[in-house]
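1. Sequence unavailable; structure follows:
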Ligand SMILES: Cc1cn([C@H]2C[C@H](O)[C@@H](COP(=O)(O)OP(=O)(O)OP(=O)(O)O)O2)c(=O)[nH]c1=O
């Protein structure tokens, strides 16, 4: 049985697209970058810690695997996590305006026997954002709870001039990498292995 160690509704929705059954573990893992820690290393560590904390919660249940993930927006050596408040969100959007940043999403799967990890890195280029646009977007509340203060799956898509990488990775759970990891753990993916309901006979 797979468990998702995440409070993120996006991760629940994305994992659900694979058509497998999974439980959800609500955890609070601190997200703080250690001094001198490289941005990509930080994302990998936090994903591993989320999965590890989840495994502790279900310890003793045989045959369980736990998936944890972390997503951060990286601009040079700066790491933008979830904004603290509206002002912080506006500051992040100002920094991202007219520039290309990276969105790094790490996924970790752990079980009592093994652990594996995959990382997805996407490049996202924003157009120039006016102060009015930033203020209007922040006022929608959408930036809160999102790394880099935007949601590509929401109004933030209007800022994206170019995306090179994984759309689901930017949203918080890179599906291509997740499928590969789950297969390593022998977890069946019925949504991928059977024809979708309603697919015409000829297309099967
Ligand atoms: C860049 C970007 C991030 N995000 C979200 C994905 C993640 O939920 C969030 C980054 O914060 P995370 O710390 O990765 O995740 P979380 O705190 O939401 O959930 P949990 O730790 O419980 O798994 O930003 C979007 O929804 N859209 C985007 O375009």
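-> Yep, it's here. For clarity, every value in this text was computed on a predicted model and none was experimentally measured.
2. Pull up the gap between the spatially most central residue of the chain and residue 12, please.
-> Per CA atoms, centre = their mean, the C-alpha nearest to the average position across the chain is that of residue 172, at 1.7 Å. Using CB to CB, to the nearest Å, one obtains 10 Å as the distance from residue 172 to residue 12. Quick note: C-beta positions are derived from backbone N, CA and C, even for glycine.
3. which element is residue 67 on?
-> Using DSSP states H and E, the secondary-structure element containing residue 67 is strand 65-75.
4. Quick check: which helices or strands does that strand pack against?
-> Counting contacts by 3 or more CB pairs under 8 Å, 6 or more residues apart in numbering; DSSP states H and E, the secondary-structure elements packed against strand 65-75 are strand 2-5, helix 39-57, strand 78-80, helix 86-96, strand 100-111, helix 175-184.
5. could I get the ones you listed as JSON lines with distance to the ligand, mean pLDDT and mean neighbour count?
-> Listed next are the helices and strands packed on strand 65-75 as JSON lines, based on distance: least, CB to the nearest ligand atom, whole Å; pLDDT from 0 to 100; neighbours: other CB atoms under 10 Å:
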{"stretch": "strand 2-5", "distance to the ligand": "7", "mean pLDDT": "97", "mean neighbour count": "23"}
{"stretch": "helix 39-57", "distance to the ligand": "6", "mean pLDDT": "96", "mean neighbour count": "20"}
{"stretch": "strand 78-80", "distance to the ligand": "9", "mean pLDDT": "95", "mean neighbour count": "19"}
{"stretch": "helix 86-96", "distance to the ligand": "10", "mean pLDDT": "98", "mean neighbour count": "19"}
{"stretch": "strand 100-111", "distance to the ligand": "5", "mean pLDDT": "98", "mean neighbour count": "24"}
{"stretch": "helix 175-184", "distance to the ligand": "13", "mean pLDDT": "96", "mean neighbour count": "17"}
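6. For residue 155, which of those is the nearest?
-> In terms of CB to CB, the element of those nearest to residue 155 is helix 86-96, at 11.4 Å.
7. ok now the closest one, how far from the chain's centre?
-> Relative to the chain's own centre, helix 86-96 is displaced by 20 Å; criterion: CA atoms, centre = their mean, to the nearest Å.
8. go on, stretch 130-142?
-> For stretch 130-142, the distance from its own C-alpha centre to the chain's C-alpha centre is 23 Å (CA atoms, centre = their mean).
9. before we move on, the earlier item: nearest approach to residue 161 belongs to which of the helices and strands packed on strand 65-75?
-> Nearest to residue 161 among the helices and strands packed on strand 65-75 is strand 100-111 (9.0 Å), distances taken as CB to CB.
10. OK, contacts around the residue nearest to residue 167 when sequence neighbours are not counted?
-> Nearest residue to residue 167 in three dimensions, chain neighbours excluded: residue 152, at 6.8 Å (CB to CB, 6 or more residues apart in numbering). Contact partners of residue 152, counting by CB atoms under 8 Å, 6 or more residues apart in numbering, are 124, 160, 163, 167, 170-171.
11. Please indicate which of these are buried?
-> Buried subset of those (neighbour count, 16 or more other CB atoms under 10 Å): 124, 163, 170-171.
12. Tabulate those residues (a markdown table), appending pLDDT, secondary structure and distance to the ligand.
-> Below are those laid out as a markdown table (pLDDT from 0 to 100; DSSP: H, G, I helix; E, B strand; the rest coil; distance: CB to the nearest ligand atom, whole Å):
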| residue | pLDDT | secondary structure | distance to the ligand |
| --- | --- | --- | --- |
| 124 | 98 | strand | 8 |
| 163 | 98 | strand | 10 |
| 170 | 98 | helix | 5 |
| 171 | 98 | helix | 5 |
